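J.: coordinates only, no sequence provided:
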């Protein structure tokens, strides 16, 4: 499937290349020639004679595309022999040798631009004013004034940002390293060459670094190849997250048809499990907060948040709901009805793959991006989700359960199932986990909470803002509400 890159100003080429790799893999697999054609993948995306590259040369761009392919195959790219052709990485003995850990993220070192160190700097706008608010606000005496301009001593500066807030001219700039800046738990630092390094002992698998990196240098190790191989030999049950409705712009019935055309035997809405989670959390809230007088309770369906508590705020663990997630309960339904099936969760985020590693009822995890790549090979599978026949679901979840995907949806569902006076439930919504929200939650662990039910979601807007979505948040939000 040879393509040339069309230069469009609005294209995010970090996402573009990621999707191109997935689509090429699916195309070759469904065409039955993956093992013969995979070495051509970088050349299919950037053909001979093409000048559409963004780095120093077309050869480096192709080399990085090879690494993107290896990450899509599930490899940690810094632990493999790069001299091997892509065909070798399809061999069982190579997979057994190099797929040796459960780390979800891998850094493409040759794709990382080695950004400049994060720091504050004084721009030319500085007037060297008489008030000296920048210098007086600095608690570390890192700012001096000379030649009518402020100067920051980088050896003394602690990056607190007080000077930026104080400057009346907005003359102080914050130079950020995107992946470091967005990580809520400081799990990303620079190595001795200035490239991104992930401390997996601190990482909570929120995926924010994947979405923010301008060069697409941080990638997840995917399971798409594993699932593709099983489609024709095993009975697979697709567990589709509630936010799927907001991703493809069609009713869930169209997506059920598409999934079965791809090769899934069964399809379940994870909203079915969301109904179970909401009921159980409503009961748990009544028991813990109302009857036992626990100060507050937080929801537990976001696994990135649960990992945050386990790794970084253990004092808050007692306040986190013990109810399991919608993914778990839906997998339980599928396994009970079809004991011989393998379950494949399909959703918008990275953390569910980590949760699946800890849940023996969930066998594989795909993302919406991977599903889109499968569907987009309609010239092989002849799938058109806009006009395909609408299949029916044997079980239909509630409207509240389908809205688990959006901000406020979980707490509203819990409220709807509660048997106590709703005025006793005082909710708070924390979405888009960042450093400030982590500090906020830490304060709650020390007794500073003013509400008694806190919904926590790692992603902006809820699950519809996950790092592996394919639709903008606003449109996804509107579609979830529309089709609920």
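T.: In hand now; what should we look at? Small disclaimer: the values here were computed from a predicted structure and weren't measured.
J.: any idea how far residue 277 lies from residue 334?
T.: Using CB to CB, to the nearest Å, one gets 16 Å for the distance from residue 277 to residue 334. For the C-beta atoms, the positions are set from N, CA and C on the backbone; glycine is no exception.
J.: walk me through the domains of this protein.
T.: As given by automatic domain parsing, the domain ranges for the chain are 13-111+187-222, 119-175, 226-483.
J.: need the winner for burial among those domains.
T.: Of all the domains of the chain, domain 226-483 has the most neighbours on average by mean count of other CB atoms under 10 Å, namely a mean of 20.
J.: quick check: mean pLDDT of that domain?
T.: Averaging pLDDT along domain 226-483 gives 91.
J.: a markdown table please, covering the domains of the chain and showing distance to residue 181.
T.: Below are the domains of the chain laid out as a markdown table (distance: least, CB to CB, whole Å):
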| stretch | distance to residue 181 |
| --- | --- |
| domain 13-111+187-222 | 8 |
| domain 119-175 | 9 |
| domain 226-483 | 9 |
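J.: next SSE downstream of the longest helix along the chain?
T.: As assigned by DSSP state H, the longest helix anywhere in the chain is helix 13-30. Following helix 13-30 in sequence order, the next helix or strand is helix 34-37 (DSSP states H and E).
J.: against which helices or strands is that next one packed?
T.: Judged by 3 or more CB pairs under 8 Å, 6 or more residues apart in numbering; DSSP states H and E, the packing partners of helix 34-37 are helix 13-30.
J.: helices and strands around the helix it packs on, which ones?
T.: helix 34-37, helix 41-45, helix 58-73, helix 224-230, helix 368-375, helix 378-381.
J.: which one, of these, ends up nearest to residue 179?
T.: Evaluated with CB to CB, the helices and strands packed on helix 13-30 place helix 58-73 nearest to residue 179, the distance being 15.8 Å.
J.: quick one, the closest one and helix 13-30 angle?
T.: Angle of helix 58-73 versus helix 13-30, following axes from the mean of the first three to the mean of the last three CA atoms, to 10 degrees, is 60 degrees.
J.: I'd like the distance from helix 58-73 to the chain centre, please.
T.: 21 Å (CA atoms, centre = their mean, to the nearest Å).
J.: which residues touch the following helix or strand past it?
T.: Using DSSP H and E, the helix or strand that follows helix 58-73 towards the C-terminus is helix 92-98. The contact list for helix 92-98 (CB atoms under 8 Å, 6 or more residues apart in numbering) reads 74, 75, 76, 79, 80, 81, 84, 88, 89.
J.: ok, now which ones touch the second one?
T.: When you say that, I think you mean residue 75. Contacts of residue 75 (CB under 8 Å, 6+ apart): 89, 98, 99, 106, 221.
J.: so residue 131 sits right up against residue 169, yeah?
T.: No - under the criterion of CB atoms under 8 Å, residue 131 makes no contact with residue 169, lying 10.5 Å away.
J.: quick check: next helix or strand after the one helix or strand residue 276 maps to?
T.: Residue 276 belongs to helix 271-285 when elements are defined using DSSP H and E. Once the chain leaves helix 271-285, the next helix or strand it forms, by DSSP H and E, is strand 297-298.
J.: check which helices and strands that next one is in contact with.
T.: helix 271-285, strand 453-457.
J.: partner strands of the last one, with direction?
T.: On the basis of DSSP bridges, the sheet neighbours of strand 453-457 come out as strand 297-298 (parallel), strand 427-431 (parallel).
J.: off-centre distance for it?
T.: Relative to its chain's centre, strand 453-457 lies at 18 Å (CA atoms, centre = their mean).
J.: can you give the contact residues for it?
T.: 285, 289, 296-299, 302, 305, 407-408, 410-411, 414-415, 425-433, 441, 444, 463.
J.: can you do 6 Å?
T.: The contact list for strand 453-457, computed with CB atoms under 6 Å, 6 or more residues apart in numbering, reads 297-299, 302, 305, 410-411, 425, 427-431.
J.: which residue packs closest to residue 74, ignoring adjacent ones?
T.: Nearest residue to residue 74 in three dimensions, chain neighbours excluded: residue 221, at 4.9 Å (CB to CB, 6 or more residues apart in numbering).
J.: go ahead and confirm that neighbour touches residue 72.
T.: No - using CB atoms under 6 Å, residue 221 is not in contact with residue 72, being 8.4 Å away.
J.: checking the closest residue in space to residue 409 that isn't next to it in sequence next. Helix, strand or coil?
T.: Nearest non-adjacent residue to residue 409, counting by CB to CB, 6+ apart: residue 403, 3.8 Å away. Under DSSP: H, G, I helix; E, B strand; the rest coil, residue 403 falls in the helix class.
J.: distance of residue 23 from residue 180?
T.: With distances taken as CB to CB, residue 23 is found 31 Å from residue 180.
J.: oh, I was asking about residue 323
T.: Residue 323 is 34 Å from residue 180, by CB to CB.
J.: circling back to that earlier point, residue 13: which of the strands paired with strand 453-457 is closest?
T.: If you check each of the strands paired with strand 453-457 against residue 13 by CB to CB, strand 427-431 wins as the nearest, at 27.9 Å.
J.: same for the very next helix or strand once past the closest one, what does it pack against?
T.: Note on strand 427-431: by DSSP H and E, the next helix or strand toward the C-terminus is helix 435-445. Judged by 3 or more CB pairs under 6 Å, 6 or more residues apart in numbering; DSSP states H and E, helix 435-445 is in contact with no other helix or strand.
J.: give me the contacts around helix 435-445.
T.: 184, 313, 315, 316, 430.
J.: quick one: contacts of stretch 318-332?
T.: 239, 268, 270, 272-274, 276-277, 280-281, 284, 296-301, 309, 343, 345, 359, 361-362.
J.: same thing but 7 Å
T.: 239, 268, 270, 272-274, 276-277, 280-281, 284, 296-301, 303, 306, 309, 343, 345, 352, 355, 359, 361-362, 404 (CB atoms under 7 Å, 6 or more residues apart in numbering).
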